[in-house]
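Asker: Provide a 3D model corresponding to the input given below.
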Amino acid sequence: MALFNRNTALSTAIVLTSASPLLWVNVSANDNVDAWSFSGKAKAGMEYQSNVNISELEQASGESDSAVVLDAQLDLGWQVSDNLRIDSGYSINDKSYQTASDYDSRLQLAFADVSYALTTTTIGANVYHAQADLDGSDFLTLNQFSVYTMHSLSDSWFLRPSLVHADKQFDQIEQRDAKSYSAAVDSFWFFNQGQRFISVGATYEDEEANATEFSYTATGLNARISNQFSLWQIQQKIQFGAKLSQRDYQTQDDGSRRDDIHQQYDAKWEVNLGQHWAVLTSVEYGDFQSTLSTADYDETRAGLMLQASF
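Answerer: This next block holds a predicted model:
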């Protein structure tokens, strides 16, 4: 049942995708020598999931399973001038379970980002379009627009506030169609010439669904630490991340209150096998507490992937 990794919502997954890669682009944009840049990655591997689920529908099967995962992405960048940069990309993630074929999924994501660098501040905007399929059928379409700024507070400290609007449309569950508005601020500290960083952030989200029982406001905190290093002449990267969010839903149809608390933790290890190959391992745990019994569950994931990049 998992459409993506355990970032609960498709919108959340896209927000994280937009924040991380583009951060590196904006920080280092003026260091690019070539006006055009093109890169790509392809991954293949296995993922074990202790509780197969569809996070967007808040449904967990209670059964474990393993899946074959195929993933590819292409990114194109254009340094138009010393200050203006345009980035775009496309990615596809395909997951096929061994026995839980009803939860087989495919997620396609395309984005475009425009940023302009001033002396110590970068301003930008991006658009994301995502299409998620479940068991070979259309499931969810998401369109997201975001504006952000990146402030260089020192040589190693950056602050990134952003505003996001998202529109979710479910193909067969119209009452879950929703529009959301969110605000976030993330702070990044870089060390050791960018080989290590720490980030912390806070978010606020207001989602209005067609059916009031699915509408909520949420506040959240997140933190991540990343370290790149060389051991036995092998380049490696280790990351640890944590997220905590609390959702307050509107009064349910039966007059009851619903409150959710989501806790998510992950650890990732990347081992480079030369210039173009890497082995990726990950372990993730999610604890989704809810006064609604169908949305109250936990899960553990473990993944092993081989990555080729250029």
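
Asker: how far does the helix or strand hosting residue 108 sit from the chain's center?
Answerer: Assessed by DSSP states H and E, residue 108 sits inside strand 105-117. Relative to its parent chain, strand 105-117 has a centroid offset of 12 Å by Cα atoms, centre = their mean, to the nearest Å.

Asker: Against which helices or strands is that strand packed?
Answerer: When contacts are defined as 3 or more Cβ pairs under 8 Å, 6 or more residues apart in numbering; DSSP states H and E, strand 105-117 sits against helix 10-28, strand 84-97, strand 121-134. Backbone N, C-alpha and C define where each C-beta goes, glycine included.

Asker: For that strand, buried residues please.
Answerer: Residues 105-107, 109, 111, 113-117 are the ones in strand 105-117 that count as buried (16 or more other Cβ atoms under 10 Å).

Asker: Please enumerate the strands of the stretch 151-300 of the chain.
Answerer: Ranges of strands in the stretch 151-300 of the chain, per DSSP state E, counting those that start in this stretch, are 157-170, 178-191, 196-209, 216-231, 234-249, 259-272, 277-290, 297-309.

Asker: Give me the contacts around the second one.
Answerer: Which is strand 178-191. 11, 15, 19, 23, 27, 156-168, 196-210, 214-215, 222 (Cβ atoms under 8 Å, 6 or more residues apart in numbering).

Asker: Quick check: pLDDT value at the nearest residue to residue 39 once chain neighbours are set aside.
Answerer: Closest residue to residue 39 apart from its sequence neighbours, by Cβ to Cβ, 6 or more residues apart in numbering: residue 75 at 5.1 Å. On pLDDT, residue 75 comes in at 97.

Asker: And residue 294, by the same measure?
Answerer: Confidence score, pLDDT, at residue 294: 85.

Asker: With residue 31 instead?
Answerer: pLDDT, residue 31: 48.

Asker: Check which residues of the helix or strand containing the residue nearest to residue 39 are buried.
Answerer: Following DSSP H and E, one finds residue 75 within strand 65-79. Of all the residues in strand 65-79, those buried under the rule 16+ other Cβ under 10 Å are 65, 67, 69, 71, 73-75, 77-79.

Asker: Which member of those is positioned nearest residue 310?
Answerer: Distance to residue 310, by Cβ to Cβ, is smallest for residue 74 among the buried residues of strand 65-79, at 9.9 Å.

Asker: In this structure that closest one contacts residue 87, no?
Answerer: No: in this structure residue 74 lies outside contact range of residue 87 using Cβ atoms under 8 Å: 11.6 Å.

Asker: re the thing from before, closest to residue 96 out of the strands of the stretch 151-300 of the chain?
Answerer: strand 297-309 (14.1 Å).

Asker: Thought residue 36 was touching the residue nearest to residue 39, still the case?
Answerer: No: counting by Cβ under 8 Å, residue 75 stays clear of residue 36, with 11.5 Å between them.

Asker: Can you list the low-confidence ranges for this structure?
Answerer: Low-confidence segments of the chain (pLDDT under 70): 1-34, 253-255.

Asker: 80 instead, please
Answerer: Across the chain, the ranges flagged by pLDDT under 80 are 1-34, 58-59, 251-255.
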